[in-house]
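Colleague: Here is a sequence with its predicted model. Questions after.
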Amino acid sequence: KIERDSCAKEYPDIKLRWSRFPLIRDWLQECEACTGPVLITDVRDTFFQDDPFGVGAPIVEGLQVFEENPIQTTMHWLIDVPVKACK
């Protein structure tokens, strides 16, 4: 099976590429020492100019979700096929 068409055992209805998010949630829930903020990002296009949790950083309360620029959509042909195959 091609990786993009594979599913994680724990989440058979979610393709491997997207199942990382519920898997990360599961790992964090199992980790008793993990009590601070967590940042999940695609590191291929991420650059930090400073520690996002360091001194002077805003306090993180609850879930905070940020999205790409509005021109970044799933309508591109490279993304459209795997997304449709997952549904």
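Modeller: Structure's in. What do you need? Worth saying up front: this structure is predicted, and the values here are computed from it rather than measured.

Colleague: excluding its backbone neighbours, what's nearest the spatially most central residue of the chain?
Modeller: Centroid-nearest residue in the chain, with C-alpha atoms, centre = their mean: Phe21, separated by 4.8 Å. Once flanking residues are discounted, Phe21 sits nearest to Ile40: 7.0 Å by C-beta to C-beta, 6 or more residues apart in numbering. (C-beta placed from N, C-alpha, C; glycine too.)

Colleague: So the spatially closest residue to Pro22 that is not a sequence neighbour versus Phe66, what's the distance?
Modeller: Distance criterion C-beta to C-beta, 6+ apart; nearest residue to Pro22, sequence neighbours excluded, is Tyr11 at 5.7 Å. Remark: distance between Tyr11 and Phe66 (C-beta to C-beta, to the nearest Å) = 23 Å.

Colleague: Then Lys15?
Modeller: Counting by C-beta to C-beta, the gap from Lys15 to Phe66 is 22 Å.

Colleague: Settle it for me: which of these two has more neighbours?
Modeller: With neighbours defined as other C-beta atoms under 10 Å, Lys15 and Phe66 compare such that Lys15 has more, 18 against 5.

Colleague: ok, the more buried one touching Phe21?
Modeller: No - using C-beta atoms under 8 Å, Lys15 is not in contact with Phe21; the gap is 11.4 Å.

Colleague: Show me what the lengthiest strand in the chain is packed against.
Modeller: In terms of residue count, the longest strand belonging to the chain (DSSP state E) is strand 11-15. When contacts are defined as 3 or more C-beta pairs under 8 Å, 6 or more residues apart in numbering; DSSP states H and E, strand 11-15 sits against strand 7-8, helix 16-30, helix 77-86.
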